[in-house]
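A.B. asks: Return atomic coordinates for the entry below.
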Amino acid sequence: MTRLEVRINGLNEDYRKKYRDYPIHNVQARIKSRKSIEKKLIHRELPVSAISAKENLTDIAGIRVICYFIEDIYSILSLVRTQTDLLILKESDYITNPKASGYKSYHMVLGVPVYRIEGMQYYPVEIQFRTLSMDLWASMEHRICYKGETPEETAEAFQYYSEELSQMERNMKHLLDEIRKDNPQEPTQ
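C.D. replies: Below is the predicted model of the structure:
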């Protein structure tokens with residue numbers, strides 16, 4: 001997974017060189033614990049084995065790419081799609097189609113080549129692309145509501161905050177666009 005992180009950071013650097021801009025704020029990676037994998041397989045009533053996990057779970061390895069603005073997400077997505085050795089297994093656009101809770105993110109499951117003695121095999125890695133405001137919302141929602149019953153009032157509050165954060169992000173993007181219009185040579189960082 002470190003190689004994929006390096007590649008994504010490399011795309012950010014290439015983007016900076018070409019456009020004098022950094023679309024990515026940071027990249028986070030994680031690998032699910034063995035216990036968590038086993039729990040998920042049991043919950044799905046699947047065999048608990050490495051083969052079963054590889055064939056049935058797409059989020060054993062995960063990367064979260066935090067961008068500044070929505071446009072940055074789609075710019076990086078277009079660059080990821082040019083990587084010819086990666087297979088796009090699944091895409092879910094929760095930015096265009098947010099979840100009822102207010103959750104927004106772009107999920108992409110990639111088949112990443114892993115070379116072993118037996119030869120090359122593709123392993124799934126889930127990448128979540130979010131803006132800073134989307135990540136704030138998701139982190140707070142996870143902290144407050146994770147795997148628990150969410151009262152309707154709380155759910156409505158999270159929907160409201162999702163829209164408020166989106167509006168704040170649009171306002172910040174407008175500020176950036178105004179600054180760039182007045183000072184076109186200025187990079188964003």
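
A.B. asks: The spatially most central residue of the chain: which element?
C.D. replies: With distances taken as C-alpha atoms, centre = their mean, Q128 lies nearest the centre of the chain, 1.5 Å away. If you go by DSSP states H and E, Q128 is part of strand 119-131.

A.B. asks: Show me what that strand is packed against.
C.D. replies: strand 61-67, helix 70-80, strand 106-116 (3 or more C-beta pairs under 8 Å, 6 or more residues apart in numbering; DSSP states H and E). C-betas here are computed from N, CA, C, even on glycine.

A.B. asks: Could you identify the helix or strand that succeeds that strand?
C.D. replies: Going down the chain from strand 119-131, the next helix or strand is helix 132-145, by DSSP H and E.

A.B. asks: tell me which strands and helices that next one is in contact with?
C.D. replies: strand 61-67, helix 152-182.

A.B. asks: Quick check: chain neighbours aside, which residue is closest to R16?
C.D. replies: Closest residue to R16 apart from its sequence neighbours, by C-beta to C-beta, 6 or more residues apart in numbering: Y22 at 5.2 Å.

A.B. asks: looking at this, the one you found is in a strand?
C.D. replies: No. Y22 sits outside any strand when classified using DSSP: H, G, I helix; E, B strand; the rest coil, being coil.

A.B. asks: how far away is it from M108?
C.D. replies: Between Y22 and M108 the computed distance is 20 Å (C-beta to C-beta, to the nearest Å).

A.B. asks: Between the two, which has more neighbouring residues?
C.D. replies: M108 (21 against 16; other C-beta atoms under 10 Å).

A.B. asks: quick one: contacts for that one?
C.D. replies: Applying C-beta atoms under 8 Å, 6 or more residues apart in numbering to M108 gives the contacts L77, V80, I88, K90, E91, S92, E126, I127, F129.
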